[in-house]
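> everything below, folded, please.
(2 chains)
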Amino acid sequence: MSDSADTEVLEIADLDPEAWQDYAEEQGWSDGLPLVMPTEASVARMVAGARGDNESFPPISPRQVVPTLQSLAANAVMAGARPEYFPSIIAALRGVLNPSYNLHGSMATTHSCAPVVMLNGPIRLALGVNCGTNCFGQGWRANASIGRALQLILRNVGGGVPGVMDRSTQGSPAKYAFCFGENEEESPWAPFHVRRGFDASDSVVTVMSGEAPHNINDHGSTSAEGLMTTFAHTIAQPGANTIYGKGPYLVIVGPEHAATFARDGWGLDKLRDQLWERARVPLKHISAENLATYAATGHHPTGDFLTICRGPEDIHIAMAGGPGKHSAFIPSFGGTAVVSTRVKTPAA
Amino acid sequence: MRIVNPGFGIVPAGAEQATEGKVDWLNDPIVLFGNSKPNARELLEGIKAKLAGIRRTDNIDFIAKNSASQGAPPEMINDAAKKYRIALLALGD
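Residues are numbered from 1 along each chain as shown, chains lettered A, B, ... in the order given. Model prediction:
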């Protein structure tokens, strides 16, 4: 390896807070929001938050450079993260660097995808990650700065600069930050990470390249069957990327909907099977031009429908949110995977 | 004052590049490699039509990876590398 032309520590003029923001913007480091200055001292405190994590990183696409803990920590500082958030940020990064996530494709695409980050296990409570009311929204430093730090890393180290290597046609608010926790305490189901083979005591970060959440509103249905009718038809969209670029999707069920499914005896296997059978797009909703294009690239109808994933195993269900009759569908980029990574908490 | 560069990264050593013989641009076989999007195909068809004015076209073929969002399978790239001397790639959207 050879060092890039950049140096890891920069000598800059003494800047007041306003001048710092202008300087950072001129360097191309900003997502448009103000940034905390990554002084050597603040970065050292952040790096200490990941003490004992000596596993190397592969190059980050699309720029294809290998990060250092310091450069990652600088972005975490700029995002407003606390040092104790850093192991979760690193776990999220390791997840998107897993080849199955397809970071290069998801960064360079015209699609609006962003890294969706979900936390499970004790670290949610330790960091104050919001898993309940407004969990996808504003107001919680952990959610906001963990999601934002990952985005800044992908921009500043990875080179995913909008209009340059990030070619998204319209982008998405999810590209600022999209991080939440599963509401394990109110869920009728085993926690998501336990279902993926981790111990309940593990802290785990799960990532998927996905869109911003699509709301599923159902105040009227009082049965699992009724809810499934709404869920399936909300999810079956002819404009989904996965109608031809088959891949996973997330369904984040709100607690009241989850309670209804559980009360009626619908477990996760039944939910997945029903979504697989019923969340399909009728051919009459798809243009002839698109059908021809899909067929030419090997994406053929199943009966009178096109599926939007490869099978029940592509449907990932978790529970989050607070009171209310809402759930969410998070479509993926398509050529991606749901990747879960255990958080390495600092060595003593 | 001193700050840590948030864009700092280490550039890995580059992969070795093959430099095998000279290319005959008028006669060597060409693969027009698309990403499966309709506009990529249109772009490549236009290139083939232009090439018809300056060289033979009976050994110019189209191939496309079957997913625009994922890299081409290594075996597809290897097969193309064995069969053709020139590859033109289109990433139309």
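
> please make it C-alpha for all contacts and neighbour counts, starting now.
Will do.

> next SSE after the biggest helix by length in chain A?
Ranked by residue count under DSSP state H, the longest helix found in chain A is helix A:141-156. Next in sequence after helix A:141-156, counting helices and strands by DSSP states H and E, comes strand A:179-181.

> hmm, who's touching the following helix or strand past that following strand?
Heading C-terminal from strand A:179-181, the first helix or strand you meet, by DSSP H and E, is helix A:192-195. For helix A:192-195, the surrounding residues in contact (Cα atoms under 8 Å, 6 or more residues apart in numbering or on different chains) are A:120-121, A:182, A:199-200, A:204, A:317-318, A:340.

> same thing but at 10 Å, please
With Cα atoms under 10 Å, 6 or more residues apart in numbering or on different chains as the contact definition, helix A:192-195 has outside contacts at A:118-121, A:182-184, A:189, A:198-206, A:316-319, A:340-342.

> what about those residues, which are in strands?
A:118-120, A:204-206, A:316-319, A:340-342 (DSSP state E).

> quickly find the element holding A:S106.
helix A:103-108.

> is chain B within reach of stretch A:235-248?
Yes: using Cα under 10 Å from any Cα of the partner chain, stretch A:235-248 comes into contact with chain B via A:241, A:244-246.

> just the ones of those residues in helices?
Using DSSP H, none of those sit in helices.

> let's see if you can find the most crowded of the residues you listed.
For these, counting by other Cα atoms under 10 Å in any protein chain shown, the largest number of neighbours falls to A:Y244: 27 neighbours.

> what residues does the stretch 201-348 of chain A have near chain B?
Residues of the stretch 201-348 of chain A lying near chain B (Cα under 10 Å from any Cα): A:241, A:244-246, A:289-290, A:293-294, A:296-299, A:333-336.

> re the thing from before, between the residues of stretch A:235-248 next to chain B, which sits nearest chain B?
For those, the residue nearest chain B by Cα to the nearest Cα is A:G245; the value is 6.3 Å.

> state the number of residues packed around the closest residue to the closest one other than its chain neighbours.
The spatial neighbour of A:G245 that comes closest, neighbours along the chain excluded (Cα to Cα, 6 or more residues apart in numbering or on different chains), is A:G334 at 4.8 Å. By the criterion of other Cα under 10 Å, A:G334 has 30 neighbours.

> export the lengthiest helix in chain B as CSV, just CAs?
In chain B, assigned by DSSP H, the helix with the most residues is helix B:38-51. Extracted in CSV, the C-alpha atoms of helix B:38-51 (Å, rounded to 0.1, in the frame of the first residue of the first chain):
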residue,chain,number,x,y,z
PRO,B,38,-32.7,-0.2,-22.2
ASN,B,39,-30.7,3.0,-22.8
ALA,B,40,-27.4,1.1,-22.5
ARG,B,41,-28.5,-1.2,-25.3
GLU,B,42,-29.6,1.8,-27.4
LEU,B,43,-26.3,3.5,-26.8
LEU,B,44,-24.4,0.3,-27.8
GLU,B,45,-26.5,-0.2,-30.9
GLY,B,46,-25.7,3.3,-32.0
ILE,B,47,-22.0,2.7,-31.5
LYS,B,48,-22.2,-0.5,-33.6
ALA,B,49,-24.0,1.4,-36.3
LYS,B,50,-21.2,4.1,-36.3
LEU,B,51,-18.5,1.4,-36.3
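
> list the residues that contact A:G311.
By Cα under 10 Å, 6+ apart, the neighbours of A:G311 are A:246-248, A:272-273, A:275-277.

> any chance you could map the strands in the chain?
In the absence of a named chain, chain A is used. A:2-3, A:9-11, A:114-120, A:179-181, A:204-210, A:214-217, A:249-253, A:280-282, A:305-307, A:315-319, A:326-331, A:339-342.

> nope, chain B
Under DSSP E, chain B gives strands at B:2-4, B:10-11, B:30-34, B:60-64, B:86-89.

> out of those, deepest packed?
strand B:30-34 (a mean of 23; mean count of other Cα atoms under 10 Å in any protein chain shown).

> can you list the residues of the stretch 51-200 of chain A near chain B?
A:58-60, A:63-78, A:100, A:102-106, A:108-111, A:152-159.

> 6 Å - rerun?
Contact residues, the stretch 51-200 of chain A versus chain B (Cα under 6 Å from any Cα of the partner chain): A:65-67, A:71, A:74-75, A:105, A:156-157.

> which of those residues are buried, as a PyMOL select command?
To isolate the buried subset of these in PyMOL, counting by 16 or more other Cα atoms under 10 Å in any protein chain shown, use the following:
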select buried, chain A and resi 65+66+67+71+74+75+105+156+157
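
> for the residues of the stretch 51-200 of chain A next to chain B, name the two members farthest from one another.
Farthest pair in these (Cα to Cα) is A:A74 and A:G105. Separation: 25.3 Å.

> pLDDT at residue 88, what is it?
Picked chain A for this. Here the pLDDT value assigned to A:S88 is 98.

> actually, chain B is the one I wanted.
The predicted local confidence for B:L88 is 91.

> what's the answer for the one 4 residues further on, then?
You'll see B:G92 listed with a pLDDT of 74.

> likewise A:M1?
Confidence for A:M1, expressed as pLDDT, is 43.

> the residue lying closest to A:S100 once chain neighbours are set aside and A:Y249, how far apart?
Residue nearest to A:S100 in three dimensions, not counting chain neighbours: A:A337, with 5.6 Å by Cα to Cα, 6+ apart. As judged by Cα to Cα, to the nearest Å, A:A337 and A:Y249 stand 9 Å apart.

> so which of those two has more stuff around it?
More crowded of A:A337 and A:Y249, by other Cα under 10 Å: A:Y249, with 28 against 23.

> report the contact partners of the closest residue to that one other than its chain neighbours.
Of all residues not flanking A:Y249 in the chain, A:P331 sits nearest, at 4.9 Å (Cα to Cα, 6+ apart). Listed by Cα atoms under 6 Å, 6 or more residues apart in numbering or on different chains, the contact partners of A:P331 are A:210-211, A:249.

> just B:F33 next, same as before
By Cα under 6 Å, 6+ apart, the neighbours of B:F33 are B:63-64, B:88-89.

> from the residues you listed, which is closest to chain A?
B:A64 (8.6 Å).

> partners of the closest one in the sheet?
B:G34 (DSSP bridges).

> distance of A:F261 relative to chain B?
Going from A:F261 to chain B by Cα to the nearest Cα, to the nearest Å gives 35 Å.

> equivalent analysis for A:P213, please.
A:P213 is 21 Å from chain B, by Cα to the nearest Cα.

> spatially nearest residue to that residue, not counting backbone neighbours?
Closest to A:P213 by Cα to Cα, 6+ apart is A:I330, at 4.9 Å.
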